[in-house]
Each structure stands twice: as C-alpha cells, then as structure tokens.
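# task: produce atomic coordinates for the following.
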Amino acid sequence: MQGGELSSQAYGVRATAANVTRFMQANMGEASGVAAPWRQAALATHTAYF
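Predicted coordinates:
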C-alpha cells in the first residue's frame, strides 16, 4: 500500500479490502483456514456480559 494524502490520518492502522473482508468473514464464522485460537477469540468478542 502506498501512502496517500490522508494516510497519516489512519494513525498507523491500514487495511486492504481483502484484509477487511477476511476479518468480517472470520467474525461471521465463514472464514476457512482460520486457526482455532483466532476463531475462539473472535467468538469471545460476541459474548455479552451483564
């Protein structure tokens, strides 16, 4: 990825469309090839504690 005019505004956080898509798929439980610890971590963020 090349830095653009607003690249400094991201504060070092950068992602491609492919990265974001894979992240969304992993959080929806649809990503194949994701290691078990990553799947468990994503699912743990979906748990509500009241």
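# can you show me the CA trace of stretch 30-46 as CSV?
What follows is stretch 30-46, C-alpha atoms only, in CSV (Å, rounded to 0.1, in the frame of the first residue of the first chain):
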residue,chain,number,x,y,z
GLU,A,30,-17.4,-18.1,7.5
ALA,A,31,-13.6,-18.0,7.0
SER,A,32,-11.9,-21.2,6.1
GLY,A,33,-8.3,-21.7,7.1
VAL,A,34,-8.5,-19.6,10.2
ALA,A,35,-6.7,-21.1,13.1
ALA,A,36,-8.8,-22.3,16.1
PRO,A,37,-7.4,-19.7,18.6
TRP,A,38,-8.3,-16.9,16.2
ARG,A,39,-11.8,-18.2,15.8
GLN,A,40,-12.3,-18.6,19.5
ALA,A,41,-11.0,-15.1,20.1
ALA,A,42,-13.5,-13.7,17.6
LEU,A,43,-16.4,-15.6,19.1
ALA,A,44,-15.4,-14.5,22.6
THR,A,45,-15.9,-10.8,21.5
HIS,A,46,-19.5,-11.7,20.6
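# which residues sit against that stretch?
22, 25-27, 29 (CB atoms under 8 Å, 6 or more residues apart in numbering). The way it works is simple: take the backbone N, C-alpha and C, and place the C-beta from them, glycine included.
# so which of these wins on neighbours?
When neighbours are counted by other CB atoms under 10 Å, Ala26 leads these with 18 neighbours.
# number of residues surrounding the nearest residue to Ala15 once chain neighbours are set aside?
Distance criterion CB to CB, 6 or more residues apart in numbering; nearest residue to Ala15, sequence neighbours excluded, is Phe23 at 7.7 Å. Residues lying near Phe23 (other CB under 10 Å) number 13.
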